[in-house]
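Novice: return a 3D structure for these sequence lines:
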Amino acid sequence: MSEEILADETPETPNTSEANLPDLKVRNCLNCNDVLTGAYCMTCGQKDFNMLRPFWTLLEDTLGDLFSFDSRFFGTLVPLFLRPGYITREFNRGRRAKFVPPFRQYLVVSIIFFLLLVSIDVQLFDTEGITINAPQQTEETTAIETTGAIEGEDSITAAEETRTVDQVLDTVLNNMTKSRDKDLNAATDTEKKLYNSAFGLVGGLKKVWLDPKLLNVVLADWIPKLMFLMLPLFAVILKLVYIRRKKYYIEHLVFSMHYHAFLFLLFTIMLLLYHFVPASHGYLAYLLWYVPVYLFIAMWTVYSQGPIKTFFKGLFLNITYFILIATGLGLAIGYGLTQV
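Specialist: Here you go, the predicted structure:
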């Protein structure tokens, strides 16, 4: 009897067969491939974090790292400039520990460029010696126009008067001022706004012509906004160009941030050479040929397509990008000139 009671009270031994064990999936570090035992890799220190997920979930990580500055920044600059697409490819594969996050890289390089642009003595264009040839009526021409005579037209010769651009702009402003009071009385509100914008644009052109460095201020104010807008827009174009590659939008955005960081790095180098190496002025334009070459190699490295497809896709991207940036820059400068 007691043996039966003891048998009933004996607890059941849990089934520890392999089928009932929890599924403990072994995770490997994407950077060094070592086995992970926690949130961070014990070998290289990289956080166990998968970036291939919806874009908005990455904002917290990006903002957290935004103003953190360490030695990785300078270690990232050399491959960013000399190895097109390498950092993007490694970053998208999860090997991120030795690189600066792409948005922080873009932000720091762009800030350095614009600080240099407004602080060092760089004149983006030279206005000295530029003149405009405008026809000037002779006394004989004036007499013929006054009397209405036509027979003497063959003997009319138009003398050329050389005038400076600021004189031409002064003439335009004076004519606009004279007609403003008369024309605006009957104008609608929209027409008044357009007229005032045109008046401000011409006035801004004159100020910039007399002091070209004012254009640096306009560019430093508007180019950051324009380039920041181009980051996601360029990624959208990449997404459409490589729509069959089944890549996440964030991968294209990383490419875009690295590409634009490279552009600002190149412009910074050109700016420093212009300021400190006067002998380089005649050769700086040749550095711009590196831009399409860089884009081609970067696309070939990251997207792993054949050279012919990559060439035509790169050509399409360059043309599209130039049209967008030229349009945006023209509108930005036009509006900026009305505010100087």
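Novice: so which residues of this structure form strands?
Specialist: Here the chain has its strands, by DSSP state E, at 131-136, 159-164.
Novice: wait, Y259 touches A235, no?
Specialist: No: contact criterion CB atoms under 8 Å: Y259 and A235 do not qualify, at 9.7 Å. To be clear about C-beta, it is placed using only N, CA and C from the backbone, and glycine gets the same treatment.
Novice: pLDDT below threshold where in this structure?
Specialist: Residues of the chain meeting the criterion pLDDT under 70: 1-25, 50-71, 121-203, 206, 210, 212, 340.
Novice: ok so, going back, so which of Y259 and A235 has more stuff around it?
Specialist: Comparing Y259 with A235 by neighbour count (other CB atoms under 10 Å), the higher total belongs to Y259, at 28 against 21.
Novice: if I look at that one, how far off is P292?
Specialist: 12 Å (CB to CB, to the nearest Å).
Novice: got a list of what A298 touches?
Specialist: By CB atoms under 8 Å, 6 or more residues apart in numbering, the contact list for A298 reads P84, G85, T88, F255, H258, Y259.
Novice: wait, doesn't A235 sit right on Y242?
Specialist: No: in this structure A235 lies outside contact range of Y242 using CB under 8 Å: 10.7 Å.
Novice: could you tell me which residues touch both of the two?
Specialist: H252.
Novice: number of residues surrounding K247?
Specialist: Close neighbours of K247, defined as other CB under 10 Å, add up to 17.
Novice: what does P278 give?
Specialist: 9.
Novice: what's the answer for G282, then?
Specialist: 8.
Novice: tell me the spacing between it and L265.
Specialist: 22 Å.
Novice: which residues touch F91?
Specialist: By CB under 8 Å, 6+ apart, the neighbours of F91 are M51, F99, P102, V254, H258.
Novice: and L229, by the same measure?
Specialist: G328.
Novice: could I get the contacts of F91 as a markdown table with distance to G38 and neighbour count?
Specialist: Formatted as a markdown table, the contacts of F91 follow (distance: CB to CB, whole Å; neighbours: other CB atoms under 10 Å):
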| residue | distance to G38 | neighbour count |
| --- | --- | --- |
| M51 | 19 | 19 |
| F99 | 22 | 21 |
| P102 | 26 | 25 |
| V254 | 26 | 23 |
| H258 | 30 | 26 |
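Novice: export these to CSV and tack on distance to F73?
Specialist: Formatted as CSV, the contacts of F91 follow (distance: CB to CB, whole Å):
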residue, distance to F73
M51, 19
F99, 9
P102, 12
V254, 17
H258, 14
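Novice: tell me which of those residues is nearest to L36?
Specialist: The shortest approach to L36 among these belongs to M51, at 15.9 Å (CB to CB).
Novice: neighbours around the nearest residue to C32 once chain neighbours are set aside, how many?
Specialist: Nearest residue to C32 in three dimensions, chain neighbours excluded: C44, at 4.6 Å (CB to CB, 6 or more residues apart in numbering). Per other CB under 10 Å, the neighbour tally for C44 reads 14.
Novice: backbone dihedrals for C44, please?
Specialist: phi -110, psi -10 (degrees, to the nearest 10).
Novice: contacting residues around it?
Specialist: C29, N31, C32, D34, A97.
Novice: list buried residues within the residues you listed.
Specialist: Neighbour-count burial (16 or more other CB atoms under 10 Å) applied to those gives C29, N31, A97.
Novice: from those, which is closest to L115?
Specialist: Once CB to CB is applied, the member of the buried ones among the contacts of C44 that ends up nearest L115 is A97, at 29.1 Å.
Novice: correct me if wrong: that closest one contacts G45.
Specialist: Yes: assessed by CB under 8 Å, A97 is found in contact with G45 at 6.2 Å.
Novice: and the residue nearest to S280 when sequence neighbours are not counted, how close does it get to F267?
Specialist: Leaving aside its sequence neighbours, S280 sits nearest to L273 (CB to CB, 6+ apart; 4.5 Å). Using CB to CB, L273 is found at 11 Å from F267.
Novice: format the contacts of C44 as CSV; extra columns: distance to A298.
Specialist: What follows is the contacts of C44, written out as CSV (distance: CB to CB, whole Å):
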residue, distance to A298
C29, 26
N31, 21
C32, 25
D34, 29
A97, 22
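Novice: please identify which pair of these lies farthest apart.
Specialist: D34 and A97 (11.6 Å).
Novice: need the overlap of contacts for the two.
Specialist: C41, C44.
Novice: may I see the buried residues of the longest helix along the chain?
Specialist: In the chain, ranked by residue count with DSSP state H as the criterion, the top helix is helix 307-337. Applying a neighbour-count criterion of 16+ other CB under 10 Å, the buried positions in helix 307-337 are 310, 313-314, 317, 321, 324-325, 328, 332-334, 336-337.
Novice: touching, F234 and S256? I think so.
Specialist: Yes: judged on CB under 8 Å, F234 makes contact with S256 at a distance of 4.3 Å.
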